[in-house]
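Trainee: sequence and computational prediction follow.
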Amino acid sequence: MTKETKEQRAEVPGRRTVDSPEVLKALSHPLRLRILRHLGAAGPATSTTLAAALGENTGTLSYHLRMLERSGLIEDIPERSTGRERWWRGVRGLDIRRPPQDELTEAERAVSVELDRMRMEEDVELARQFTAGQAESEGWMRGSRSLIHLTKGELDAFHDDYLALLARYARGPEDAPDDARPVLLRWFGLPAD
């Protein structure tokens, strides 16, 4: 992302841009990424149901849930929570962006690099699954690759348009039609020369 102020960004109505180093730090733990993925795919859960689904103990899950809540990535659902049992869901409408590298401390840059490494491992595994499972996917796996010539400004605009398109279709499992499935989407652009 170019160095720009939040006011200069093409904000999508109903979405909140998050670009703090604290959010990067919260995202840079593999279990927290798994928690977010599970909540995004399966919907609200308690620490007990998350522990069972992810093969972790509830104490560990509770700690990481608090970290995600503090960073504004998840929220509890008061109307579903009773006594000591808290229900959690991912916060909808977040546009998570990386802070400009020149505004990060050395430690924050290291966190950013670790997050990139974890995400790249996940992306490589998703590419393998795409290649191996496309024929049997009954049309549920779609992809596109392109080579186009863009200016830096056009690349920024393309990225913002992609985020706006995601926001247009974004909904959680509790709001999705019965025939909807969780779908992982990836977009990245890089110079070919």
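Mentor: Happy to help now that I have it.
Trainee: from the centre of this protein, point out the most distant residue.
Mentor: Residue farthest from the centre of the chain, counting by Cα atoms, centre = their mean, is G83 at 29.9 Å.
Trainee: distance of T151 relative to A157?
Mentor: Computed as Cβ to Cβ, to the nearest Å, the T151 to A157 distance reads 9 Å. Any C-beta I mention is one placed from the backbone N, CA and C, and that applies to glycine too.
Trainee: beta-bridge partners for T17, please?
Mentor: In this structure, T17 has the following beta-bridge partners (DSSP bridges): D95.
Trainee: thinking again about what came up before, quick check: the residue farthest from the centre of the chain vs T46, distance?
Mentor: From G83 over to T46 (counting by Cβ to Cβ), the distance is 11 Å.
Trainee: average pLDDT across stretch 166-184?
Mentor: Throughout stretch 166-184, pLDDT has a mean value of 89.
Trainee: coming back round to it: of T151 and A157, which one has the most company?
Mentor: Between T151 and A157, counted using other Cβ atoms under 10 Å, the more crowded position is A157 (13 against 8).
Trainee: now whichever strand or helix holds the more buried one: buried residues?
Mentor: Assigned by DSSP states H and E, A157 belongs to helix 152-169. Using 16 or more other Cβ atoms under 10 Å as the burial criterion, the residues of helix 152-169 that qualify are D156, H159, D160, L163.
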